[in-house]
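**Student:** One predicted model, sequence on top.
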Amino acid sequence: MVPAKKNLVIKILIGILSIVAVFTACNRKDGFIGEEYKVAPEGFYVVSAVTASPDPVDFTTQTVTIDATFSHTVSWAITIRGVQSGAIKKMSGLSQTLAASGKNIWNGSHDGLYFFKSGEQAIIEVSFLGTSITTSDTITITTARNFSNVGVVIGAFEGASLAPFGGPYSDAGESIFGGLDNTIAPNLQGNKAVTFHGVDNNSSYYIMSSNRVLTPAEIAQFPSDPDSVYLNVYVYGYGSQYPTARLNFSFAEDDNGNGAHQPASEDSYDFTINVTHTGWKLFSIKYSEMAVSTAPLFGGSGNKIKEPNRVKEVSFALIDGGPGNEAKLSFDFPIVTFGAPFDPSK
Ligand SMILES: [Ca+2]
Ligand SMILES: [Ca+2]
Ligand SMILES: [Ca+2]
Ligand SMILES: [Ca+2]
C-alpha cells in the first residue's frame with residue numbers, strides 16, 4: 001500500500017536527518033571542526049606547556065612552530081589572538097603532541113577581516129574538547145605577513161605618503177580630502193588606510209581618484225586568462241552617513257604593447273562597488289566580470305579584448321551615486337590574486 005511505503009520513506013528520512021544532526025552538533029561543539037574528535041578523558045593534563053618559536057618572528061621570512069605535549073591523544077584547538085589588532089587565527093587537530101598533527105605551523109595568516117600587526121604581541125592559547133584546561137604562550141610579531149607570495153599587493157598604505165600612487169586628483173574645482181588615514185577604528189591592516197572624501201559640486205558624479213602604474217615584475221605575474229585574475233579590496237563604508245558613495249576601480253591595458261596605456265585608444269576595464277555597508281568588508285571581483293569603460297576618451301575606444309597580461313595601471317575613484325552629493329569611503333590592502341579570490345586564512 002502506498003501509505004506503508006510512504007511511512008518507510010519518512011522513517012528513512014528521519015534516520016538520515018538524525019545522523020546529520022548528531023554529526024553537526026559534534027562538529028560545532030566548542031568550535032572544534034572535523035570528522036574525528038576525542039574528548040579529554042578523566043585525569044587529562046598538559047605534560048609540557050605550549051611553546052611558539054621563533055620569538056620574535058618576522059613573517060616575511062619565517063613561520064612559527066607551535067608545540068605542546070599532552071597526557072592523552074585529544075582534540076585540541078589553537079586560538080591565536082593579536083593583542084592590538086584583535087586579529088584571530090584558529091587551528092585544530094587530534095593528537096598527543098601538536099607536532100604529531102602536522103597542523104602546528106603558523107605562517108602569519110588570519111581568519112576573518114583583521115590582519116595581525118607588525119610590532120604587536122600575539123597570545124597563543126590551546127584548549128581541549130571536554131575540559132576547561134588551557135595552556136598559553138605569547139609571541140612578538142616584529143613584521144607581520146605581507147601576503148606578497150599570494151598575489152600582487154597593489155597597496156598596503158603604511159608609508160609616509162600615498163606614493164607610489166599618484167594624486168589624489170580632484171574633479172575640476174572641487175575641494176577634496178584624500179589620502180592616508182590613521183583615524184579609522186578599528187584599523188584593518190597595519191595602522192593606515194586610504195580615505196576619499198569630497199563633494200560633487202559640479203554634478204558630474206565623479207569626485208576624485210588615485211592611480212598606480214604597475215612595475216614590470218608585477219605585470220609579469222598576470223596571466224592572459226581574464227577568468228583567473230581577481231581584484232580584491234577591503235572597503236570601509238560609512239553607512240547611512242554617506243549612502244551614495246561608490247568606489248570605482250579600473251585596470252588600464254596597453255593594447256598595442258608599446259609600454260604605455262593610451263586612454264583614447266586602449267581599453268580600461270571598470271568595476272563599481274556601491275558602498276552602502278558600515279565598517280570593513282572584503283570585495284573580490286573577477287577580471288572577466290569587469291566592463292569596458294563607457295568613456296570614449298578614457299578607456300572606451302580600445303580593442304575591447306580583456307587582456308590582463310597587458311595591464312599597465314590600476315586606479316581607484318570616488319564616484320557619487322547621485323549628482324551633487326557629498327561622499328566618503330575608505331579602503332585598504334587591494335591585492336590582485338590569480339586562480340582564486342584572496343583568502344588570508346591560507
Ligand atoms: Ca594598511
Ligand atoms: Ca564632480
Ligand atoms: Ca599602448
Ligand atoms: Ca584590450
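**Tutor:** Sure, I can see it. Ligands and ions are numbered 1, 2, ... in the order given.

**Student:** near ligand 1 at all, the helix or strand hosting residue 335?
**Tutor:** When secondary structure is defined using DSSP states H and E, the element that contains residue 335 is strand 326-338. Yes: under the criterion of Cβ under 5 Å from the ion, ligand 1 is reached by strand 326-338 at residue 332. Placement of C-beta: from N, CA and C, glycine included.

**Student:** hey, C-alpha coordinates of that strand in CSV?
**Tutor:** Listed in CSV are the C-alpha atoms of strand 326-338, where the atom choice follows Å, rounded to 0.1, in the frame of the first residue of the first chain:
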residue,chain,number,x,y,z
GLU,A,326,28.9,64.5,-0.6
ALA,A,327,30.6,61.1,-0.4
LYS,A,328,33.1,59.3,1.7
LEU,A,329,34.7,55.9,1.8
SER,A,330,38.0,54.3,2.9
PHE,A,331,39.9,51.3,1.5
ASP,A,332,42.9,49.2,2.3
PHE,A,333,45.1,46.3,1.0
PRO,A,334,43.9,46.0,-2.6
ILE,A,335,45.6,42.8,-3.9
VAL,A,336,45.4,41.0,-7.2
THR,A,337,45.3,37.2,-6.9
PHE,A,338,45.4,34.5,-9.6
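
**Student:** Just give me how far it sits from the chain centre.
**Tutor:** Average the C-alpha atoms of strand 326-338, do the same for its chain, and the two points are 11 Å apart (Cα atoms, centre = their mean, to the nearest Å).

**Student:** who does it pair up with?
**Tutor:** Based on DSSP bridges, the pairing partners of strand 326-338 within the sheet are strand 151-153 (antiparallel), strand 193-199 (antiparallel), strand 229-238 (antiparallel).

**Student:** what comes up buried for the shortest one?
**Tutor:** Translated: strand 151-153. Of the residues in strand 151-153, those buried under the neighbour-count criterion (16 or more other Cβ atoms under 10 Å) are 151, 152.

**Student:** sorry, back to before: the strands paired with strand 326-338: which one's closest to ligand 1?
**Tutor:** Proximity of the strands paired with strand 326-338 to ligand 1 was assessed by Cβ to the ion; the nearest stretch is strand 193-199, lying at 5.2 Å.

**Student:** model confidence over the closest one, on average?
**Tutor:** Mean per-residue pLDDT for strand 193-199: 97.

**Student:** One more: stretch 319-328?
**Tutor:** Stretch 319-328 shows a mean pLDDT of 94.

**Student:** same question, stretch 61-69
**Tutor:** pLDDT averaged over stretch 61-69 equals 98, rounded to a whole number.

**Student:** how about the helices in the stretch 101-250 of the chain?
**Tutor:** Under the criterion DSSP state H, counting those that start in this stretch, the stretch 101-250 of the chain contains helices at 216-219.

**Student:** buried set for the longest strand along the chain?
**Tutor:** The residue-count maximum for a strand in the chain (DSSP state E) belongs to strand 64-82. Of the residues in strand 64-82, those scored as buried under the neighbour-count criterion (16+ other Cβ under 10 Å) are 64, 66-68, 70, 74-82.

**Student:** That strand - contacts with which helices or strands?
**Tutor:** Using 3 or more Cβ pairs under 8 Å, 6 or more residues apart in numbering; DSSP states H and E as the contact criterion, the secondary-structure elements in contact with strand 64-82 are strand 46-53, strand 88-97, helix 98-101, strand 105-106, strand 121-128, strand 134-143.

**Student:** For the second one, buried residues please.
**Tutor:** In other words, strand 88-97. Applying 16+ other Cβ under 10 Å to strand 88-97 flags 88, 89, 90, 91, 92, 93, 94, 95, 96 as buried.

**Student:** What about ligand 4: which of those residues touch it?
**Tutor:** Under the cut-off given by Cβ under 5 Å from the ion, ligand 4 has nothing from the buried residues of strand 88-97 close to it.

**Student:** Same list (these) but as TSV, adding pLDDT and distance to residue 299.
**Tutor:** Putting the buried residues of strand 88-97 into TSV (pLDDT from 0 to 100; distance: Cβ to Cβ, whole Å) gives the following:
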residue	pLDDT	distance to residue 299
88	98	40
89	98	40
90	98	43
91	97	44
92	96	47
93	96	50
94	96	54
95	97	55
96	97	60
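
**Student:** Now do the same for residue 177: its pLDDT.
**Tutor:** According to the model's per-residue confidence, residue 177 sits at a pLDDT of 86.

**Student:** need the contact list for the spatially closest residue to it that is not a sequence neighbour.
**Tutor:** Using Cβ to Cβ, 6 or more residues apart in numbering and skipping the chain neighbours, the partner closest in space to residue 177 is residue 197 (4.3 Å). Applying Cβ atoms under 8 Å, 6 or more residues apart in numbering, one finds that residue 197 lies in contact with 176, 177, 178, 318, 326, 327, 328, 329.

**Student:** three-state assignment of the fourth one?
**Tutor:** I take that to be residue 318. Three-state call for residue 318 (DSSP: H, G, I helix; E, B strand; the rest coil): strand.

**Student:** what's the burial count for it?
**Tutor:** The number of residues packed near residue 318 is 30, by other Cβ atoms under 10 Å.

**Student:** Thank you, goodbye.
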